[in-house]
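Chemist: sequence first, then the predicted structure, then my questions.
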Amino acid sequence: MIESNLVEKVIRSALSRGGDFAEIFVEEKTTFSASLDDAIVEELSSGTARGAGIRVRYGDTTGFAHTADLSENGLLRAAQAASSLAQNSSKSRQIMALQERVFSPIDPLKNLPMTIAKDRKIELLKHLNDAARSAGSAIRQVGASYSDSLRRFLVANSDGVFVEEEQIRTRISISAIALGDTGMQGGYETVAMTKGFEIFQDLDIEQMALKAANRAILKLSARPAPSGQVPVVLNGLGGGVLFHEACGHGLEADHVLKESSVYAGKIGRSVASPLVTLLDDGTVTDQWGTFHHDDEGHISSKNTLIQDGVLVDYMWDQTQGDRTKRDSSGNGRRQSYAHLPMVRMTNTYLMPGESTPQEIIADTEYGIYVSQLGGGQVNTATGDFVFGMTEAYLIEDGRITAPLREANLIGNGPEVLANIDAVANDFSIVPGTCGKDGQSVPVGCGQPTLRIKAVTVGGTAGA
Amino acid sequence: MPDLIKIGQRIADMASGGEEIEAYAIWERETSIRVYNSEIESLTTSESSGIGIRVIRDKRVGISYAGTLEDDDLKRALEEARDNSRFASQDPFAGIAEPDGVDGPKLNLWSVDITNTPTENKISLALELEKVTLSKDRRIKSLNSSNYGDVSVESAIVNSKGIASYTQQTYCWLWAYALAMQDDETQTGFGLHASRDFAGIDLEYAAQEAAYKSTRMLGAKKPKSSNLIAVFEPDISSSFIGIISSTLSAEAVQKGRSIFSGRVGENVANSRLNLIDDPSDPRFFSSANYDDEGLASRQNLLIKNGSLKGYLYDSYTARKEGVAPTGSAIRGGIAGSCSPGPRAPYIEPGERSKEEIVSEITDGVLIQSVSGIHSGVNPVSGDFSVGAEGIRIHDGELKEPIKEFTIASNLQKMLLDIRSIGSDLTIRPSGAAGVTLAIGNINLSGS
């Protein structure tokens, strides 16, 4: 993307006033998206953004500047801006020789999104629309969207790291709205992977559309969700976001080191039911939160966070790792060159157990079966979280019965983890977008079917 | 600083016969400072720019963007937008905005003191905020961070139908995220103050808010489930008002995705309720002279005395329905398209204070914070279920703090169940303004 000697020159310039660490991150991202609504292909949008972010750290202070001007002058100007705070710093450091460039190219077998004709992408949307409408006359509205991106970046730093990486992501989603006597209800499905257009070789578009449409139709007959504390069985396809929210964020080292996490100081202690083993894993093939190198040039890895209920480790980026003299765990990520990297999850999942999903349901006298969760939110300092159920059913006498209307679940991360009393042997990972400090990154959330003894459900019917 | 109108005009002028072109050019400069434990954690400075191009050819829309304003990138983006248009469906209503003769409000939303103030002064302010917040209450143990940010934005929208609008705006803000502790319990609180100019920043306000919010829930318990009256503080009602107003977007209505579709003239709310969207009101941080298609900002009355008056239109939805646009186009960044929505919504304030409203309630809850509002509100069905914290109200008095519960109802029902509207109109930096609202028939779900 830029020449090695210029990379080195920029790092030198960034450290010219002193500092412990300097980094240059150059990124080019090309995106394409198309949406269909009401049977009309509304618009196609595409474009490219490129630029560089330069940071200089001395002690616990980071100076950061970014620019879209990738000329030598533009980069050196940004390097000087990033180092402005280091003006009175007496410290200075030697720059490690840049290692031989590590290049993570796209698998040549993968289909670069921009080599695929636009009308093939549009066809997918029309196919989704037709399939969803075939589910029944109750389906009144269908929206579908397709997007892909090619992200290339170069990251090099004063420790000698020098990495170039390419990432392709493809996403398709559908929303169907059904109308009935009780009003309108929606159903939604998304498939998203770190992969090119070949994602559609294995994806049954029709099934995906029908799933969303049938979910909307089914909800027309849904009854209000109960309110109060009830046992909740989370289906493997629906619930990964619970662990992302309920404990993932609290295990990010930046929160931990500021003691604004309920998990601070608990390494080696029991923080969950012994049935819980939780991992964060940036290496799972093709998942939404997968990459070769993180945005600081560290190779992605598979990290155990909780083993059999005991807290083993947190997630680390370069900054938090340096502060405690340990290595990054490959969790340093950034939305773009215009953002500072910080500790972020990749694919976070709970390991399967031994029961079958059927056994768990049969063993539940009364409760809620959740097969799809919506977005959520957590306060890492208190562990309190909330997230929405977008597809849920009542469990009565060990059987799944009536569909329920949407409602939020509310709880506390550590309490929920301790209250998991059954874990099944199935497993799936679903894609999501994680927001933190105003930055969004793609992540995966996974889990087997499991049961939580009691969660507060915010429905409108009595418990 | 580049001449955005000139750049936009050059692109718009490239429209060939029968083609419509709209260019949206933006340039911004920002500062962001984060302080922790009396040290600067990070300082970010940057300038960035970009362009979004919308082309309509043969009644088909194509969009493209570039993250620079360099000539080659602009030309490439225009060609890309033209190519994209070939694959879109033909839509007889596709088009860009046409001048509608309405004059913009001529607000001055730019302050030079944001760029003129030395960075050191901004850093000092963030450091001072941390110190002052810590001094407010001995239970405040630390601040997760104390922050200062500012942005100066210039943008131009120029199109081939004769629209050439230019906007410049500045904002700065100061915010603290405090952690309070008592026994083994930790609570957090967020305090924010924002201003168009550096001199207008109120540090005391942000510190006080963070201190109050982080300590007020200490010792809070989970309440028992019940059905009661909920009083929303202005901070909370502003989110509720924002959601209600967004369901009045003509796009949602025309696509049958709004609970208010086809209901103009119906009584949809308490008869004392007036809902207005007014981006020409300079008190709002979202105010601007023009909307995101270049049409003048203006006041729109949405609900009058409880009766639905109309919806919010951009040029496309207006054309589709044969009505005039309301200057309500909102663009999703340079890569996005426009759709209509509320830009500065508020409920006209009533006559009584929050205290008076609370004093009339026998059994209720004062809601001070909500979470999961995006996952918990369904704009299509109107179902509403969010996590909440607050203070229990018994016999007209504020009693014990409560947390870890949800409140649920339905948007339409809530508008009809409004019991009182407070006099305390509060403008929030997020866009919508809030006012104390008492709403009956709320399902509180706890233990």
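Modeler: In hand now; what should we look at?
Chemist: now residue B:81: how far from residue A:99?
Modeler: Distance, residue B:81 to residue A:99, by Cβ to Cβ, to the nearest Å: 42 Å. No exception for glycine: its C-beta is placed from N, CA and C like everyone else's.
Chemist: between the two, point out the one with more neighbours.
Modeler: Using other Cβ atoms under 10 Å in any protein chain shown, the more surrounded residue of residue B:81 and residue A:99 is residue B:81, with 29 against 13.
Chemist: was I right to think the more buried one contacts residue B:55?
Modeler: Yes - look at residue B:81 against residue B:55 with Cβ atoms under 8 Å: they come within range, at 4.2 Å.
Chemist: let me know the next secondary structure element after the worst-scoring helix or strand of chain A on mean pLDDT.
Modeler: Counting by mean pLDDT, DSSP states H and E, chain A has its least confident helix or strand at strand A:102-104, which shows a mean of 72. Tracing the chain past strand A:102-104, the next element assigned as helix or strand by DSSP states H and E is helix A:118-133.
Chemist: give the buried residues for that following helix.
Modeler: Across helix A:118-133, burial judged by 16 or more other Cβ atoms under 10 Å in any protein chain shown covers A:118, A:121, A:122, A:124, A:125, A:127, A:128, A:129, A:131, A:132, A:133.
Chemist: same check on stretch A:283-292?
Modeler: Buried, per 16+ other Cβ under 10 Å, within stretch A:283-292: A:283, A:284, A:286, A:287, A:288, A:289, A:290, A:291, A:292.
Chemist: which one of these is nearest residue B:97?
Modeler: residue A:288 (37.1 Å; Cβ to Cβ).
Chemist: distance of that closest one from residue A:349?
Modeler: For residue A:288, the distance to residue A:349 - Cβ to Cβ - is 12 Å.
Chemist: report all helices and strands that the least confident helix or strand of chain A contacts.
Modeler: strand A:162-180 (3 or more Cβ pairs under 8 Å, 6 or more residues apart in numbering or on different chains; DSSP states H and E).
Chemist: near chain B at all, the strand it packs on?
Modeler: Yes - using Cβ under 8 Å from any Cβ of the partner chain, strand A:162-180 reaches chain B at A:177, A:179.
Chemist: residues of the stretch 201-350 of chain A that sit close to chain B?
Modeler: Looking at chain B, the residues of the stretch 201-350 of chain A close enough under Cβ under 8 Å from any Cβ are A:225, A:227, A:228, A:229, A:255, A:258, A:259, A:260, A:262, A:338, A:340.
Chemist: which of those residues are buried?
Modeler: Neighbour counting by 16+ other Cβ under 10 Å classes A:225, A:227, A:228, A:229, A:255, A:258, A:259, A:260, A:262, A:338, A:340 among these as buried.
Chemist: okay, and the second one sits in which element?
Modeler: In this case it means residue A:227. Going by DSSP H and E, residue A:227 is part of strand A:227-234.
Chemist: ok so, going back, could you dump the buried residues of helix A:118-133 to TSV with pLDDT and distance to chain B?
Modeler: Formatted as TSV, the buried residues of helix A:118-133 follow (pLDDT from 0 to 100; distance: Cβ to the nearest Cβ, whole Å):
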residue	pLDDT	distance to chain B
A:118	95	5
A:121	96	8
A:122	96	5
A:124	96	12
A:125	97	10
A:127	96	15
A:128	97	15
A:129	97	11
A:131	97	18
A:132	97	15
A:133	97	14
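Chemist: hmm, back to that, ok, the buried residues of stretch A:283-292 vs residue A:156, which is closest?
Modeler: residue A:292 (15.8 Å).
Chemist: what sits closest to the closest one if chain neighbours are left out?
Modeler: residue A:104 (3.7 Å; Cβ to Cβ, 6 or more residues apart in numbering or on different chains).
Chemist: for residue B:288, give me phi and psi.
Modeler: The phi/psi pair for residue B:288 (degrees, to the nearest 10) reads phi -160, psi 160.
Chemist: so who does residue A:332 touch?
Modeler: Contact partners of residue A:332, counting by Cβ atoms under 8 Å, 6 or more residues apart in numbering or on different chains, are A:294, A:295, A:296, A:298, A:317, A:318, A:319, A:341, A:342, A:343, A:344.
Chemist: which residues touch stretch B:215-223?
Modeler: Against stretch B:215-223 from outside (Cβ under 8 Å, 6+ apart): A:456, B:137, B:139-140, B:180, B:182, B:185, B:187, B:189, B:365, B:368, B:389, B:391-392, B:400-405, B:444, B:446-447.
Chemist: please repeat the previous calculation with a cut-off of 7 Å.
Modeler: B:137, B:139-140, B:180, B:182, B:185, B:187, B:368, B:389, B:392, B:400-405, B:444, B:446-447 (Cβ atoms under 7 Å, 6 or more residues apart in numbering or on different chains).
Chemist: now stretch B:81-100
Modeler: With Cβ under 7 Å, 6+ apart as the criterion, stretch B:81-100 contacts A:40-46, A:118-119, A:122, B:20, B:22, B:53-64, B:159, B:161-163, B:293-295, B:315-316, B:319-320, B:324-325.
Chemist: residue A:162: which of the buried ones among the residues of the stretch 201-350 of chain A next to chain B is nearest?
Modeler: Of all those, residue A:340 has the smallest distance to residue A:162: 19.9 Å, by Cβ to Cβ.
Chemist: now the closest one, nearest residue through space, not along the chain?
Modeler: residue A:64 is the one closest to residue A:340 (Cβ to Cβ, 6+ apart), at 5.2 Å.
Chemist: tell me which helix or strand the one you found sits in.
Modeler: Per DSSP H and E, residue A:64 falls inside strand A:61-67.
Chemist: mind listing what's buried in that strand?
Modeler: A:61, A:62, A:63, A:64, A:65, A:66, A:67.
Chemist: check contacts around the second one.
Modeler: Applying Cβ under 7 Å, 6+ apart, we find residue A:62 in contact with A:55, A:340, B:41, B:42.
Chemist: do I have it right that residue B:438 meets residue B:422?
Modeler: No - Residue B:438 lies out of contact with residue B:422 (Cβ atoms under 7 Å); the separation is 8.2 Å.
Chemist: okay, and the common contacts of those two?
Modeler: Joint contacts of residue B:438 and residue B:422 (Cβ under 7 Å, 6+ apart) are residue B:357.
Chemist: give me the nearest residue to the residue in the stretch 1-150 of chain A positioned nearest to chain B, chain neighbours excluded.
Modeler: Of all residues in the stretch 1-150 of chain A, residue A:49 sits closest to chain B, at 3.0 Å by Cβ to the nearest Cβ. Closest residue to residue A:49 apart from its sequence neighbours, by Cβ to Cβ, 6+ apart: residue B:67 at 3.0 Å.
Chemist: count of neighbours near the one you found?
Modeler: 25.
Chemist: show the residue spans covered by the helices in chain A.
Modeler: Secondary structure of chain A, counting by DSSP state H: helices at A:4-14, A:72-82, A:118-133, A:199-202, A:205-220, A:240-243, A:253-257, A:318-323, A:357-362, A:413-418.
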